[in-house]
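[1] Here is the input, now give the coordinates:
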Amino acid sequence: MATIRKLFHELGNWHNKISIGAGVTRELFKQKSRKPSSNAMFIKRLTELERLVIGSDKTLHELKDKVYKAIDPDTGKPIVEE
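    Coordinates of the predicted model:
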């Protein structure tokens with residue numbers, strides 16, 4: 001079973017791959033397109049996808065901070081404050 005730390009790390013990696021992939025695809029499309037106006041909607045959607053992934057990554061970090069305060073990310077056991 002994966003640790004909480006590993007799961008957060010894996011999810012962060014997926015966010016990064018999606019964001020980079022959308023940005024690179026958008027830029028390649030802009031460079032290679034012979035008719036940029038016909039691809040405007042596609043480029044707009046890729047830009048929006050990248051923006052949404054970046055936003056979800058910020059939320060993931062907020063969640064991670066809260067979880068790490070309550071649960072040890074390596075053992076999965078609750079943190080008991082004395």
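[2] tell me which residues in stretch 17-33 are buried?
    Residues of stretch 17-33 classed as buried by neighbour count (16 or more other CB atoms under 10 Å): 18-19, 22-23, 26. The way it works is simple: take the backbone N, C-alpha and C, and place the C-beta from them, glycine included.
[3] Could you list every helix and strand in contact with the helix of greatest length in the chain?
    Longest among the helix segments of the chain by residue count, using DSSP state H, is helix 40-70. Where contact means 3 or more CB pairs under 8 Å, 6 or more residues apart in numbering; DSSP states H and E, helix 40-70 is packed against helix 4-32.
[4] can you list the buried residues of stretch 17-33 in JSON lines and add pLDDT and distance to residue 58?
    Shown next, in JSON lines, are those (pLDDT from 0 to 100; distance: CB to CB, whole Å):
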{"residue": "18", "pLDDT": "95", "distance to residue 58": "14"}
{"residue": "19", "pLDDT": "94", "distance to residue 58": "12"}
{"residue": "22", "pLDDT": "94", "distance to residue 58": "16"}
{"residue": "23", "pLDDT": "94", "distance to residue 58": "17"}
{"residue": "26", "pLDDT": "91", "distance to residue 58": "20"}
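[5] And for the most centrally placed residue in the chain, nearest residue in space, chain neighbours not counted?
    Residue closest to the mean C-alpha point of the chain, counted by CA atoms, centre = their mean, is residue 15 at 2.3 Å. Leaving out its chain neighbours, the residue that sits closest to residue 15 by CB to CB, 6 or more residues apart in numbering is residue 57, at 4.4 Å.
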